[in-house]
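Novice: Turn this into a model:
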Amino acid sequence: MKKFYYLAFCAIVSLTLTACFGGPSNNTPAYSLSDLQGLWQENNTEHFVRFTTEQSDEADYLYGREWHEDEDVIEQDLIDSREELGHPGNGWFKYKFVTSNGELTEIHLLDNGGAEIPKIYYVTKLADGQLEYYEKDHQGIKFYYTKIVSLAN
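Specialist: Prediction:
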């Protein structure tokens, strides 16, 4: 009978502590799409990424652009190329951001034949003008960005 009282006491204490302090929590923070949208610069390099508010041709996806100014490419080149081609091409991507778990899917678009290359990333930080994420299939490949402009387009 002592063993029963001891187990009951432990269960009550356990339930009380769980109620007071909460149980196991999901440490995955919720993010905001508006925090992602804007112009980002990777690690003080000449690599830039812009997440826009422009709806893509695919439901639930928006357009983004990325370019390397050290390769003599600027954002206006991508915009001009889209006008010439009649559709987004090299340097453009479609993206979907799942704010509840930080999953960022990018589908990179290519001029030749309309090929699309999907990549999945997980955001680990999106706050205070900092963006950090890693590739789903290569967790060791991490990206670090600083927000330059909050305007999305």
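Novice: which strand residues sit across from Glu132 in the sheet?
Specialist: Per DSSP bridges, the residues bridged to Glu132 are Lys125, Tyr144.
Novice: That one against Thr146, yeah?
Specialist: No - Glu132 lies out of contact with Thr146 (CB atoms under 8 Å); the separation is 10.3 Å. C-beta here means a position set from N, CA and C on the backbone, and glycine is covered the same way.
Novice: can you tell me the helix or strand for Ser34?
Specialist: helix 33-36 (DSSP states H and E).
Novice: Counting neighbours, which bits of that helix end up buried?
Specialist: Buried residues in helix 33-36, counted by 16 or more other CB atoms under 10 Å: 33, 35-36.
Novice: Against Asp80, how distant is the most centrally placed residue in the chain?
Specialist: Geometric centre of the chain, nearest residue: Leu104, 3.9 Å, by CA atoms, centre = their mean. Look at Leu104 and Asp80: by CB to CB, to the nearest Å, they are 27 Å apart.
Novice: returning to what we had before: can I assume the residue nearest to the centre of the chain is in contact with Tyr121?
Specialist: Yes - taking contacts as CB under 8 Å, Leu104 lies within contact range of Tyr121: 4.4 Å.
Novice: got any residues that touch both of those two?
Specialist: Contact criterion CB atoms under 8 Å, 6 or more residues apart in numbering; residues shared by Leu104 and Tyr121: Tyr133.
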